[in-house]
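Peer 1: A structural model of the following input is requested.
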Amino acid sequence: MYNWYIRLIGLTVVLALVVVILGAWVRLTDAGLGCPDWPGCYGSLIVPEDAIAVADANAAYPERPVEADKAWHEMIHRFAATTLGLSILIATLLAWRNRDDPAQPVKMPIALLGVVIFQGLLGMWTVTLLLKPLIVMGHLLGGLTTLGMAFWLTLEHLRRGKVTVSRPRQIAVPALLGLIVLVGQIALGGWTSSNYAALACPDVPTCQGSWWPEDTDFAEGFVMWRGLGIDYEFGVLEAPARVAIHYSHRLGALAAFLLLGFLGLGASRSGASAAIVRSGQFVIAALIAQLLLGVGVVWFGLPLFLATAHNGVAALLLLATINLNHAEITCAPPDARQ
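Peer 2: Numbers count the residues shown, from 1 in each chain. Okay, the predicted model is just below:
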């Protein structure tokens, strides 16, 4: 039973990564409201395509006439998310049934199931609250939390028996700080995307031709909640607020690059253990790729492939940082932890 649990957790990691990338693809193709209802699409489990079904759907939702391409983007994402949820549910049931096995984690799979249930609610609110940026950003973070927890459970299995320090174990401060800063930067990226501010600074490395743009409105750009009933598709903010959001994301990127770069280099040169060295190298590789993609997204004007890849590599960078934190816990020799 434990082997089936592990297979499902491994599948969950893959599915969660796919769902995160598909979520970015949906946002970037402006398909977040491709289906104006939830969980179906125009009252059906598939996108209406024949003339009669389309006419009925347009009559039911006159403010959102059917755009089949966008609707299919959204439904593909929902199908993948549903598959992910089912895999987590089954894995949690297996963990509970196998709870007498000392190797079997139980609490974290149950917590993971709770996260994915809440993630489903965020998906519903994303549609029903008309792409409210706070909900969209939360939905992104929920997806990455699901991915990170499933990956942690996988690492627990792969490194089982390799712990060289006594419990309770403490994560090294730089590794934990790096993870916190990265999550904050990803949240800023979600806020930038959900407010349609990705091209508010169309030049790089400057912004609006300046190292510190003058026409910014940080107060307006970071209003978290604007009430109900507002349609946020294509954004509601004026240019100065979008510039403030974009520039904040750039500053966050600089801070994250410096901190994670220092962290990755330190780990790769530490010699503490092969696992920590490799983990540091993974962080550096993902960090460089993410930096190049971020520059490319602005330089080339937000092409779909690069923008989607930017989101996907952000998820990989998160996994690399989680991997380094886990390696710090399980693979560092005692003298390296004092």
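
Peer 1: Residue 176: what's its closest spatial neighbour, skipping adjacent residues?
Peer 2: Nearest non-adjacent residue to residue 176, counting by CB to CB, 6 or more residues apart in numbering: residue 325, 6.5 Å away. In short, each C-beta sits where N, CA and C put it, glycine included.

Peer 1: Hmm, the one you found is touching residue 175, no?
Peer 2: Yes: Residue 325 is within contact range of residue 175, at 4.8 Å (criterion: CB atoms under 8 Å).

Peer 1: who has more neighbours, those two?
Peer 2: Neighbours were tallied for residue 325 and for residue 175 using other CB atoms under 10 Å; the higher tally belongs to residue 175 (25 against 21).

Peer 1: With residue 321 as the reference, measure out to the more buried one.
Peer 2: From residue 175 across to residue 321, the span is 8 Å (CB to CB, to the nearest Å).

Peer 1: Return every residue with contacts to both of these two.
Peer 2: Shared contacts of residue 175 and residue 321 (CB atoms under 8 Å, 6 or more residues apart in numbering): residue 263.

Peer 1: shaky segments in the stretch 151-300 of the chain?
Peer 2: 161-171 (pLDDT under 70).

Peer 1: what are the ranges of the helices in this structure?
Peer 2: In the chain, the segments counted as helices under DSSP state H are 2-28, 51-60, 68-97, 107-128, 133-158, 173-194, 218-221, 239-268, 274-299, 304-330.

Peer 1: Spatially nearest residue to residue 77, not counting backbone neighbours?
Peer 2: In space, and not counting its chain neighbours, residue 77 is closest to residue 22: 4.4 Å by CB to CB, 6+ apart.

Peer 1: Would you check that that neighbour makes contact with residue 76?
Peer 2: Yes: the pair residue 22 and residue 76 passes the contact test of CB under 8 Å, sitting 6.5 Å apart.

Peer 1: between the two, who's got more neighbours?
Peer 2: Neighbour tally, residue 22 and residue 76, criterion other CB under 10 Å: the higher count belongs to residue 22, 22 against 16.

Peer 1: Now do the same for that one: its pLDDT.
Peer 2: For residue 22, the pLDDT comes out at 98.

Peer 1: What of residue 328?
Peer 2: Looking at residue 328, its pLDDT stands at 87.

Peer 1: Could you measure from it over to residue 175?
Peer 2: Counting by CB to CB - residue 328 and residue 175 are separated by 5 Å.

Peer 1: do residue 24 as well
Peer 2: According to CB to CB, residue 24 stands 26 Å off from residue 175.

Peer 1: Counting neighbours, what do you get for residue 294?
Peer 2: 21.

Peer 1: Give me the spatial nearest neighbour of residue 215, chain neighbours excluded.
Peer 2: Closest to residue 215 by CB to CB, 6+ apart is residue 240, at 5.0 Å.

Peer 1: my read: that neighbour touches residue 216, true?
Peer 2: Yes: in this structure, residue 240 is within contact of residue 216 by CB under 8 Å, at 5.4 Å.

Peer 1: So the two - more neighbours on which side?
Peer 2: Taking other CB under 10 Å, residue 240 and residue 216 do not tie; residue 216 has more neighbours (22 against 18).
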